[in-house]
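Peer 1: Attaching a predicted model along with its sequence, questions to come.
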Protein chains: 2
Amino acid sequence: MRAMNARLVAEHGLTINGYEALLHLARAEGARMRRVDLAERLILTASGVTRLLDGLERAGLVDRAACDSDRRVTYAVLTPAGRTKLEEASESHIADVRAFFEEHFSKKELDQLAGLLGRLPGVAAAVGEDCAA
Amino acid sequence: MRAMNARLVAEHGLTINGYEALLHLARAEGARMRRVDLAERLILTASGVTRLLDGLERAGLVDRAACDSDRRVTYAVLTPAGRTKLEEASESHIADVRAFFEEHFSKKELDQLAGLLGRLPGVAAAVGEDCAA
DNA sequence: GCGCTATAGTTGAGGACGCAAGGAATAGTA
DNA sequence: TACTATTCCTTGCGTCCTCAACTATAGCGC
């Protein structure tokens, strides 16, 4: 359970939130999101996102871009390196998540769960779907 | 969502893990648990539990007791003050949790969810039940 | 234009927790 | 009994994240 997280860090240098940030960016229009919106998705505060993106930027996985219409906002943009990293990390991570759930639930139950939990705020339509990248 | 956690801290000085620690102790035989078992329940490492209980002890909510048969283990024991605190905190916290779920799911769906998620490791039979204290 | 309030983002201080390492007691084996 | 392995717990150090305070921009009413 927490082991999944540890593996992400050990093998890819990504925390779970780092991973999910890349994932949300990859799915977003133009692979970019306002930091505020990213915060809401990740259930993090604004400052949490600032520091999370600091790290991802330093690693070259994410870049920042200004907004023409509103000079307050800074976009977080997925870099090609970020996309590659996400694809690499997804491979093992999705397998881990899938294994965890299949260990506890039947296929039918998983569909039920996906339908139910998918309605919760911040939960992307990721459950049961091969998602990302 | 994170607000529930914040309320617990603001109104009762309890983190979510502190709250759940008290809850598990209250439900345990003799209101006591080995630290190791508590760690597993809370999905925390041993060191995490040490520090969590440090705080609860300092607040007088939990006490420590030696084990006669194995001098390695230290029990965490719920104090009367701890039980009182749990009862106080439960009142608003359970209402918050219930409100959150009822906002998103019907009664029937909640039963489904409770049945499904209750099978996950570390999830007590708390969903849908008036639980604790 | 001038205030007022709201929103986006950053920064400093502190808390919670993991990992790694180590101490102490117990269990297993010869 | 001596030797090693295992289990329970704690401590040092670093990371992630929150809260509170602050800056900068935007939008509204006048």
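Peer 2: Perfect, I can see it now.

Peer 1: Any stretches of chain A with poor pLDDT?
Peer 2: Low-confidence segments of chain A, defined by pLDDT under 70: A:122, A:124-133.

Peer 1: got the residues of it near DNA strand C?
Peer 2: Taking CB under 7 Å from any atom of the strand as the contact definition, chain A meets DNA strand C at A:2, A:6, A:34-36, A:46-47, A:49-51, A:53, A:64, A:70, A:72-75. C-beta here means a position set from N, CA and C on the backbone, and glycine is covered the same way.

Peer 1: where does A:Y75 fall, phi/psi-wise?
Peer 2: Per-residue torsions, A:Y75: phi -90, psi 150 (degrees, to the nearest 10).

Peer 1: That one contacts A:C67, correct?
Peer 2: Yes: contact criterion CB atoms under 8 Å: A:Y75 and A:C67 qualify, at 6.2 Å.

Peer 1: Now do the same contact list for the closest residue to A:V62 other than its chain neighbours.
Peer 2: Spatial nearest neighbour of A:V62, chain neighbours left out: A:L56 (4.1 Å); criterion: CB to CB, 6 or more residues apart in numbering or on different chains. Contacts for A:L56 (CB atoms under 8 Å, 6 or more residues apart in numbering or on different chains) come out as A:18, A:21-22, A:62, A:76, A:82.

Peer 1: Of all pairs in the residues you listed, which one spans the longest distance?
Peer 2: A:G18 and A:A76 (11.8 Å; CB to CB).

Peer 1: Count the residues that sit near A:A66.
Peer 2: The local packing of A:A66 (other CB atoms under 10 Å in any protein chain shown) involves 9 other residues.

Peer 1: Looking at chain A, which residue is nearest DNA strand D?
Peer 2: Nearest to DNA strand D, among the residues of chain A, is A:G48, at 2.6 Å (CB to the nearest atom of the strand).

Peer 1: Once you drop chain neighbours, what's closest to that residue?
Peer 2: Nearest one to A:G48, counting by CB to CB, 6+ apart, is A:A39 at 6.8 Å.

Peer 1: do the same with A:E102
Peer 2: Spatial nearest neighbour of A:E102, excluding adjacent residues (CB to CB, 6+ apart): A:L110 at 7.3 Å.

Peer 1: Mind telling me what element the one you found is part of?
Peer 2: In the assignment (DSSP states H and E), A:L110 maps to helix A:107-117.

Peer 1: would you put the C-alpha positions of that helix in PDB?
Peer 2: C-alpha atoms of helix A:107-117 as PDB (Å, rounded to 0.1, in the frame of the first residue of the first chain):
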ATOM      1  CA  LYS A 107     -13.900  -7.600 -11.700                       C
ATOM      2  CA  LYS A 108     -17.600  -6.800 -11.100                       C
ATOM      3  CA  GLU A 109     -16.800  -5.200  -7.800                       C
ATOM      4  CA  LEU A 110     -14.100  -3.100  -9.400                       C
ATOM      5  CA  ASP A 111     -16.600  -1.800 -11.900                       C
ATOM      6  CA  GLN A 112     -18.900  -0.900  -9.100                       C
ATOM      7  CA  LEU A 113     -16.200   0.800  -7.200                       C
ATOM      8  CA  ALA A 114     -15.000   2.700 -10.200                       C
ATOM      9  CA  GLY A 115     -18.500   4.000 -10.900                       C
ATOM     10  CA  LEU A 116     -19.000   5.100  -7.300                       C
ATOM     11  CA  LEU A 117     -15.600   6.500  -6.400                       C
END
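
Peer 1: quick one: secondary structure of the spatially most central residue of chain A?
Peer 2: Residue closest to the mean C-alpha point of chain A, counted by CA atoms, centre = their mean, is A:E20 at 1.3 Å. Using DSSP: H, G, I helix; E, B strand; the rest coil, the structure places A:E20 in helix.
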